[in-house]
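In: Show me the folded form of this:
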Amino acid sequence: MEDSPQQMGLSQRERESFYHLPQGNEHLWLPVLRALPSRTQLDGRTANFRSFLDDPERFGLLPDPENPEALPIGIALVPASEREPVARVGTNCAACHVGEFRYGGKRVRVNGAPGMLSLEDFNREAVEVMARTLTDRTQLLGFLERLAGNLSPRARDGGLQAAYPDTDLTPDGYSSAREKLVAEVEWYCTQDAGACAPPKLGPEPERGLAFDRELTQYTHELSRKQVRTVPDAIRVLRGHLVYFMRLGRLKFGTYAGPGRVDAFGVARGVLFGPEAAGVLAAPVSVPCLWEFQTAPWLHWDGNTNSMMERNIGQSLGMGATVDRRTFESSILPRNLAELERLSRKIATPRWPEQVFGGLDAARIERGREVFDRSCQGCHGTTGPNVVPLETVGTDGNRARSFAAKVGDLEFPSALQDLLARVKQRAYARDGMSEQEVRTLDPGVIYWRAPVGYVARPLAGIWATAPYLHNGSVPTLWALLQPASERPARFPVGQYDYDPGKVGYVTEVSGTPRFTFDVAMPGNSNAGHEYGTDLSDEEKRDLLEYLKSL
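Out: All right, here's what the predicted structure looks like:
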């Protein structure tokens, strides 16, 4: 398949940083993820070993053929060093903000476009395979042998003793190294009932407190621990399982699927507790990056003007840790600032005529007139404005959920207070000067809940499907139809593009990665019935103009 990358604005070195720069949530051990089997491996559906990190596209992560560690785009790496005995990975903003479109045997990769990552798929499979590996002795032994090879080059030649130096695994006249490994695992897993079992989650407050203590302990260990014994390795695996299970305490009423996330619902639960989150049913599509460069307000509902605090919240929601008592966190503010700088350099992508076909100049000119008449009022270039829910008529779950209270506090106020404290503590920890800090934020920071959605300029809109804030409309053509005629169910997660309707195709062979259902809470495709009264020819002219932006 031929590539046609849209990399305008970033040099090759900057692109590498954008794809893989750590932001502070790198708690996962790369050797563990490479030793961990995939679900297909555990189910016996592959002849050769497939690790959890193989075939990243099943999660919506795009491969990066230029990465020396063969990590997909958006997986950040903290390499092993004297201070970091084990290479650790996490996600950064590129995991969600690099899109790909395929047509006619070619593909277009666009930096800054929404991607197809499904964090729920990633987390669910991680929890499943870790739990099954931990509790199945055969799988656990295989994992420990593979982990040994990843931790120590000598262990790849059968020297398990090199990987676990403080456990006696040296072959002798009575037992082989593997037989000793089996005996060690049996001893460790039977002497403590919970050592090789997943923690139990439940609604009981005491169980939640116990899980939180365990999560804090394991997260602390994963950033510092070295494997010296077989029990160390088993504990590291269980620590990863506990870390992934942290989202299991949250209640999801609507599955987000590829390219969507209920970011503030998760943040509410992670930062203020599951009870404060309630049932999460407000997933939204990942927005493009090029539109925020001149926008005074961020997110679909224009709820803040602070890019740095927004980035800190994103990092915490993606797995960075914070101590609610001291506000000490694992975030990396200078790296977050660099990722923001790189994001601001990403140029609006141009319609790829060499892949999708050329544009019709006459239609563009007629479409410009339609746009000026029907769309300019809201989507002009004078700056974004918040359209009230009662006016735009689209699904209100996202806007209303951000306005809901946390205890006696409005959520924007509670969030702003927490993020400001975390930010100031991180600045002080990293010794950032006042002059350095001054460049990162506006003079006065606002967090608010407008209870509406922002109507933004539409440059590059061809690369931002599906449409509306919640991704409930697959193509621009469908968006120009009355809500009653828009697809009620359609596949999501594929990369095949429809240049005529402007969006991803809605008919796929086989079983789709995910089927979007507008009947689910937060998924309504109602509202925004602007332009629905245009003739079909006027709609085609308008789409041609929108492609040219």
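
In: and stretch 166-180, how far apart are its ends?
Out: By CA to CA, to the nearest Å, the extent of stretch 166-180 from end to end equals 13 Å.

In: For the strand or helix carrying Val236, list every residue counted as buried.
Out: Secondary structure assignment for Val236, by DSSP states H and E: helix 230-245. Using 16 or more other CB atoms under 10 Å as the test for burial, helix 230-245 gives 230-231, 233-245. C-betas here are computed from N, CA, C, even on glycine.

In: Break down the stretch 251-400 of the chain into its helices, ranges please.
Out: For the stretch 251-400 of the chain, helices defined by DSSP state H, counting those that start in this stretch occupy the ranges 263-272, 274-277, 307-317, 333-345, 353-356, 361-374, 376-379, 389-392, 397-403.

In: Same list (the ones you listed) but as CSV, adding distance to Leu543, mean pLDDT and mean neighbour count.
Out: CSV is the format used below for the helices of the stretch 251-400 of the chain (distance: least, CB to CB, whole Å; pLDDT from 0 to 100; neighbours: other CB atoms under 10 Å):
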stretch, distance to Leu543, mean pLDDT, mean neighbour count
helix 263-272, 30, 87, 23
helix 274-277, 39, 86, 18
helix 307-317, 32, 90, 23
helix 333-345, 28, 94, 19
helix 353-356, 12, 96, 16
helix 361-374, 7, 96, 16
helix 376-379, 14, 89, 16
helix 389-392, 21, 94, 16
helix 397-403, 26, 93, 21
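
In: and Leu33, which of these is closest to it?
Out: With CB to CB as the criterion, Leu33 lies closest to helix 307-317 of the helices of the stretch 251-400 of the chain, at 19.7 Å.

In: tell me the angle that closest one makes with helix 333-345.
Out: 110 degrees (axes from the mean of the first three to the mean of the last three CA atoms, to 10 degrees).

In: counting contacts, what elements does helix 307-317 pack onto?
Out: For helix 307-317, the elements it packs on are helix 263-272, helix 333-345, helix 411-429, judged by 3 or more CB pairs under 8 Å, 6 or more residues apart in numbering; DSSP states H and E.

In: thinking again about what came up before, turn the helices of the stretch 251-400 of the chain into a markdown table, columns for distance to Cys93.
Out: Below are the helices of the stretch 251-400 of the chain laid out as a markdown table (distance: least, CB to CB, whole Å):
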| stretch | distance to Cys93 |
| --- | --- |
| helix 263-272 | 12 |
| helix 274-277 | 23 |
| helix 307-317 | 7 |
| helix 333-345 | 6 |
| helix 353-356 | 25 |
| helix 361-374 | 31 |
| helix 376-379 | 25 |
| helix 389-392 | 27 |
| helix 397-403 | 20 |
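
In: Which one, of the ones you listed, ends up nearest to Ala463?
Out: helix 353-356 (10.7 Å).

In: re earlier: so how far is the helix holding Val236 from its chain's centroid?
Out: Averaged C-alpha coordinates place helix 230-245 at 22 Å from its chain's average position (CA atoms, centre = their mean, to the nearest Å).

In: Also stretch 112-122?
Out: That offset, for stretch 112-122, works out to 5 Å (CA atoms, centre = their mean).

In: before we move on, back to that, the helix holding Val236 - contacts with which helices or strands?
Out: Using 3+ CB pairs under 8 Å, 6+ apart: helix 230-245 touches strand 28-29, helix 30-35, helix 119-135, helix 137-151, helix 177-191, helix 205-222.

In: mind checking the SS state of the residue nearest to Ser374 when sequence neighbours are not counted?
Out: Closest residue in space to Ser374, ignoring its immediate chain neighbours: Gly531 at 5.2 Å, by CB to CB, 6 or more residues apart in numbering. Assigned with DSSP: H, G, I helix; E, B strand; the rest coil, Gly531 falls in the coil class.

In: Surely Gly531 and Phe371 touch.
Out: No. Here Gly531 lies out of contact with Phe371, judged by CB atoms under 8 Å, at a distance of 9.3 Å.

In: what residues are shared contacts of those two?
Out: With contacts taken as CB atoms under 8 Å, 6 or more residues apart in numbering, Gly531 and Phe371 have Leu542 as neighbours in common.

In: so who does Glu184 touch?
Out: Glu184 neighbours (CB under 8 Å, 6+ apart): 167, 169, 230-231.

In: Quickly note the distance from the residue in the chain sticking out farthest from the centre to Lys180.
Out: For the chain, the largest distance from the centre (CA atoms, centre = their mean) belongs to Gly173, which lies 51.7 Å off. From Gly173 over to Lys180 the distance is 12 Å, taken as CB to CB, to the nearest Å.

In: ok, Leu181 - contacts?
Out: Residues counted as contacts of Leu181 (CB under 8 Å, 6+ apart) are 141, 144-145, 160, 169, 230.

In: May I ask which two of these are separated the most?
Out: Leu141 and Leu169 (12.2 Å).

In: who has more neighbours, these two?
Out: Each of Leu141 and Leu169 has its neighbours counted (other CB atoms under 10 Å); Leu169 has more, 24 against 16.

In: my guess is that one contacts Ala162, does it?
Out: No. Contact criterion CB under 8 Å: Leu169 and Ala162 do not qualify, at 9.2 Å.

In: Overlap of the contact sets of the two?
Out: Between them, Leu169 and Ala162 share no contacting residue, judged by CB under 8 Å, 6+ apart.

In: hmm, back to that, just the buried residues of helix 230-245 now: which is nearest Gln376?
Out: Phe244 (47.1 Å).

In: Give me the pLDDT value at that closest one.
Out: Reading off the confidence values, Phe244 has pLDDT 91.

In: where's the closest residue to Lys405 other than its chain neighbours relative to Leu250, distance?
Out: Residue nearest to Lys405 in three dimensions, not counting chain neighbours: Phe411, with 6.3 Å by CB to CB, 6+ apart. Using CB to CB, one obtains 16 Å as the distance from Phe411 to Leu250.

In: which one of the two has more residues nearby?
Out: Phe411 (22 against 18).

In: Quickly note the distance from the more buried one to Pro450.
Out: Distance of Phe411 to Pro450, computed by CB to CB: 13 Å.

In: Make CSV out of the contacts of Leu181 and add pLDDT.
Out: Below are the contacts of Leu181 laid out as CSV (pLDDT from 0 to 100):
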residue, pLDDT
Leu141, 96
Leu144, 96
Glu145, 94
Leu160, 87
Leu169, 91
Val230, 95
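
In: Give me the below-cutoff pLDDT ranges for this structure.
Out: 1-8, 154-158, 381-384 (pLDDT under 70).

In: How many residues are close by the nearest residue to Asp323 once chain neighbours are set aside?
Out: Spatially, and ignoring its direct neighbours in sequence, Asp323 is nearest to Ser329 (7.3 Å; CB to CB, 6+ apart). Applying other CB under 10 Å, we find 22 residues neighbouring Ser329.

In: For Asn303, see how far away Ser329 is.
Out: Counting by CB to CB, the gap between Ser329 and Asn303 amounts to 21 Å.

In: of all the contacts of Glu184, which two lie farthest apart?
Out: Farthest pair in those, by CB to CB: Leu169 and Pro231, 12.6 Å.

In: contacts for stretch 330-342?
Out: Outside stretch 330-342, the residues within contact range by CB under 8 Å, 6+ apart are 10, 14, 17-18, 21-25, 27, 92-93, 223, 307-308, 311-312, 315-316, 320-322, 422-423, 426-427, 430, 432, 440.

In: Could you do stretch 261-273 as well?
Out: For stretch 261-273, the external contacting residues (CB under 8 Å, 6+ apart) are 96, 119, 246-247, 249-250, 252, 254, 256, 276-277, 280-284, 286, 313-314, 316-317, 322, 324, 401-402, 406-407, 411, 414-415, 418, 522.

In: just stretch 352-371 next, same as before
Out: The contact list for stretch 352-371 (CB under 8 Å, 6+ apart) reads 4, 6, 101, 103-104, 106-108, 351, 379, 497, 499, 531, 534, 538, 540-548.

In: Extract the CA atoms of it and return them as CSV.
Out: Provided in CSV are the C-alpha atoms of stretch 352-371 (Å, rounded to 0.1, in the frame of the first residue of the first chain):
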residue,chain,number,x,y,z
PRO,A,352,-5.0,14.9,-1.1
GLU,A,353,-5.9,15.1,-4.7
GLN,A,354,-3.3,12.5,-5.7
VAL,A,355,-5.2,9.9,-3.7
PHE,A,356,-8.8,11.0,-3.4
GLY,A,357,-9.1,12.7,-6.8
GLY,A,358,-9.0,16.3,-8.0
LEU,A,359,-11.4,19.1,-7.0
ASP,A,360,-13.9,20.7,-9.3
ALA,A,361,-13.2,24.5,-9.4
ALA,A,362,-16.7,25.4,-10.6
ARG,A,363,-18.3,23.4,-7.8
ILE,A,364,-16.0,25.0,-5.3
GLU,A,365,-17.1,28.5,-6.4
ARG,A,366,-20.8,27.6,-6.2
GLY,A,367,-20.1,25.9,-2.9
ARG,A,368,-18.5,29.0,-1.5
GLU,A,369,-21.7,30.9,-2.2
VAL,A,370,-23.7,28.2,-0.4
PHE,A,371,-21.4,28.3,2.6
